[in-house]
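Student: Any chance you could fold what I've pasted below:
(one chain, ligands or ions: 2)
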Amino acid sequence: MNEAIKPGPENPSQAIGLPELSVVVPTFNERDNVTVLYRRLDATLKGVAWEVVFVDDNSPDGTWQVVRGLARQDSRVRCIRRIGRRGLSGACIEGILASSAPYAAVIDADLQHDESQLPKMLGLLQGGEAELVVGSRYIEGGSADSFNKQRAGASQLATEVAKRVLGVQVKDPMSGFFMIRRDRFEQLAPQLSTQGFKILLDIIATARGELRTIEVPFTFGSRQHGESKLDSMVALDFLGLVLAKLTNDVVSLRFLLFAMVGSIGLIVHLATLFIAHQIFGVAFPEAQAAGALVAMTSNFILNNFLTYRDQRLKGFAILRGLLLFYLVCSVGLFANVGVAFSVYDQEPIWWLAGAAGALMGVVWNYAMSGLFVWRKR
Ligand code: GDD
Ligand code: MN
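Tutor: Numbering: from 1, shown residues only. Ligands and ions are numbered 1, 2, ... in the order given. Here you go, the predicted structure:
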């Protein structure tokens, strides 16, 4: 299709300075790092038509203001300021899709990745040797020595799981440093999860071996300013991503978390019922109602912290969200019982009817919560 447009002096796009490479930098509270990174990119990418796209999730430290300042001085600097959203993967996806350059790289803002590898990575893509080049800590010449023991262990475990369970061949699929042909990325983008940290793993797993990949070694440095945003919840995101890829995206990461929270809710419900009814002698209907209320409330809190942590409700919005969640769940209960009754009517198998009702309930609650409680702003 694009056969007619070839890079070269006769290509008018080069004459008006369109970038060949977009460097996408996700940022959250990286005020003190972005200028240094920009200078390093400028130094290392001499002779390349490049641009840098910072994707900032409205950092409280005002990172986006610093980036705007840079962009006022150099038109190769762009800034996407996202409001009401959080997430590394989503930020990377948005940044790459905002680019029209043939090649896109993703690099951390905190200078832990080695930007001096970028020209080599670009050369490999331009030469057609690869469609994806991964900055790798786990091949000869690379290292992650700056990791503490705990981080190193977690990283290795995740890498092992990805290799065995998803059949990933790449040595460092957990890396956050890579460069890809944008047209190939564009094809995969609709299937990628915007939640979580592991955008590269998602790309590799989604491509199912169809993406010619080369790894180049680099040394994972230590952070100069600010702190890591990786917390223990990242492990959960990772497991969700693996499960979603295993089920061919039938089950989304968010749905899995929502269903998991629902199962915890069942335990909370039964525990409350037991305490109220058996220990405090509350009559069954009241105890059952109390169980439902406590379970719905704890589900709401857990969902706000886990399932929708990238869209977490804060302040007054929590109360509004909680009331809406009660409403959604109450209707869900009717749907649950309704479906269970009609299945039981056809086929009086108690567990089948019960399971069908419960599935209906969770699907309803999930769909409606996404629409009304944690709706995208
Ligand atoms: N826009 C946006 N939104 N950016 C984010 C968010 C977010 O919610 N969370 C983190 N970032 C940015 C950071 O500002 C930084 O530039 C980059 O993403 C990496 O985040 P860190 O908090 O520094 O993560 P890390 O150093 O612990 O993890 C890195 O190493 C891992 C390999 O072990 C990342 O590169 C991971 O992707 C990588 O898997
Ligand atoms: Mn980092």
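
Student: how about the helix or strand containing Ser298: buried residues?
Tutor: Ser298 is part of helix 284-302 when elements are defined by DSSP states H and E. By neighbour count with 16 or more other C-beta atoms under 10 Å, helix 284-302 contains the buried residues 287-288, 290-292, 294-296, 298-300, 302. Heads up, the C-betas are built off the backbone N, CA and C, glycines and all.

Student: Same question for stretch 162-177.
Tutor: Quick answer for stretch 162-177 (16+ other C-beta under 10 Å): 162, 166, 168, 170-177.

Student: again, but for stretch 303-312
Tutor: For stretch 303-312, by 16+ other C-beta under 10 Å, it's 303-304, 306-312.

Student: returning to what we had before: any idea which helix or strand comes after the helix holding Ser298?
Tutor: Downstream of helix 284-302 (by DSSP H and E), the next one is helix 316-346.

Student: which residues sit in contact with Ala235?
Tutor: 154, 158 (C-beta atoms under 8 Å, 6 or more residues apart in numbering).

Student: Can you name the helix or strand that it falls in?
Tutor: helix 233-246.

Student: hmm, that helix touching ligand 1?
Tutor: No. Using C-beta under 6 Å from any ligand atom, helix 233-246 never reaches ligand 1; the gap is at least 8.3 Å.

Student: average pLDDT across the helix or strand just after that helix?
Tutor: Next along the chain after helix 233-246, taking DSSP H and E as the criterion, comes helix 253-273. On average, the pLDDT along helix 253-273 is 92.

Student: cool, stretch 44-62 as well?
Tutor: Mean pLDDT, stretch 44-62: 97.

Student: Report the buried residues of that stretch.
Tutor: In stretch 44-62, counting by 16+ other C-beta under 10 Å, buried: 45, 48, 50-57, 59.

Student: Over to stretch 77-93?
Tutor: So stretch 77-93, judged by 16+ other C-beta under 10 Å, has buried residues 77-82, 86-93.

Student: Could you give the backbone dihedrals for Met179?
Tutor: phi -140, psi 140 (degrees, to the nearest 10).

Student: Quick check: it touching Tyr103?
Tutor: Yes. With contact defined as C-beta atoms under 8 Å, Met179 counts as touching Tyr103 (6.1 Å).

Student: Check the contact lists of these two and give me the overlap.
Tutor: With C-beta under 8 Å, 6+ apart as the test, Met179 and Tyr103 both reach 21, 122, 125.

Student: coming back round to it: so of the buried residues of stretch 162-177, which ones are in helices?
Tutor: Among the buried residues of stretch 162-177, the members falling in helices (DSSP state H) are 162, 166.

Student: Hmm, which of the buried residues of helix 284-302 is lowest in pLDDT?
Tutor: Within those, pLDDT is lowest for Gln288, at 90.

Student: Now that one. Nearest residue, chain neighbours left out?
Tutor: Leu273 (6.0 Å; C-beta to C-beta, 6 or more residues apart in numbering).

Student: Point out the residues in the stretch 51-200 of the chain that sit beside ligand 1.
Tutor: 55-57, 86-88, 91, 108-110, 112, 155, 174, 176, 197.

Student: Of these, which is the nearest to ligand 1?
Tutor: Using C-beta to the nearest ligand atom, Gly176 is the member of these that lies nearest ligand 1, at 2.3 Å.

Student: and Ile100, how many residues sit next to it?
Tutor: Just to correct that, residue 100 is Ser rather than Ile. Neighbourhood size, Ser100 [other C-beta atoms under 10 Å]: 12.
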